[in-house]
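S.K.: sequence first, then the predicted structure:
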Amino acid sequence: RRELQSVDLEFVNLLCYVMNFDKTMVDEVASMRRGLLKLLNIPEFAPCSRYSNPAESLVVRDMFCETCYGVADFDVGRNFAWDCVYCGNALPKSCIELRLVREAQQMVLAYQLQDLRCRKCSLVARDNMAQFCTSCSSSLEVNSAEKILRAHSAAMRCVADTHGLELLSDILDAFM
């Protein structure tokens with residue numbers, strides 16, 4: 001998840017991003033942006049001075065439209081209206097929710113079933129109850145970090161809260 005900068009900088013970035021949609025005002029927006037960034041003592045080409053979408057991306061792969069039979073990947077984290085990219089009809093909320101529930105279950109199951117690896121020699125532990133590697137006596141660690149699981153579940157939580165997906169919310173409560 002992207003860390004938010006100061007409120008002033010976020011406002012300048014968003015304002016300039018939105019105003020750049022009007023192609024007749026590109027020069028004026030660039031001049032305004034330069035002046036506003038100068039007021040904030042931020043270099044014009046600094047990475048923090050570029051707009052980036054603060055919403056978490058949460059892509060549901062291969063969503064099927066029952067109207068036009070189109071199949072596409074769909075970002076439920078950044079799209080507020082869940083409409084088909086081909087015909088514009090609304091995608092069923094229950095289908096999206098069930099796909100997210102299945103993804104959450106698979107994510108937690110994959111975390112729980114992962115192997116332990118040695119920090120030093122990277123060998124997979126043969127004994128699941130061992131605390132140390134049998135080859136080099138170094139400590140063991142999991143393959144994927146818990147913070148990745150928590151970040152992905154936080155993105156799912158945000159979508160569940162925003163769109164009122166109660167089943168997904170209950171599943172995430174049970175897992176986390």
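M.R.: Sure, I can see it.

S.K.: by mean pLDDT, flag the weakest helix or strand of the chain.
M.R.: Across the helices and strands of the chain, mean confidence by mean pLDDT, DSSP states H and E is lowest for strand 140-142: a mean of 85.

S.K.: what about residue 129, how many neighbours?
M.R.: Residues contacting residue 129 under the criterion other Cβ atoms under 10 Å number 6. C-beta coordinates here come from the backbone N, C-alpha and C atoms, glycine included.

S.K.: do the same with residue 133
M.R.: Residue 133: 21 neighbours (other Cβ under 10 Å).

S.K.: what about the longest helix in the chain?
M.R.: helix 93-112 (DSSP state H).

S.K.: show residues contacting that helix.
M.R.: Contacts of helix 93-112 with the rest of the structure, by Cβ atoms under 8 Å, 6 or more residues apart in numbering, involve 58, 60, 63-64, 74, 76, 82, 142, 144, 146, 149, 152-153, 156, 159-160, 163, 165, 167-168, 171-172, 175.

S.K.: just the buried members of those?
M.R.: Using 16 or more other Cβ atoms under 10 Å as the burial test, these include 58, 60, 63, 74, 76, 82, 149, 153, 156, 159-160, 163, 165, 168, 171-172, 175 as buried.

S.K.: looking at those residues, which are in strands?
M.R.: Using DSSP state E, the subset of these located in strands is 60, 63, 74.

S.K.: quick check: residue 142 vs residue 116, distance?
M.R.: Applying Cβ to Cβ, to the nearest Å, the value for residue 142 to residue 116 is 6 Å.

S.K.: also residue 12?
M.R.: Look at residue 12 and residue 116: by Cβ to Cβ, they are 47 Å apart.
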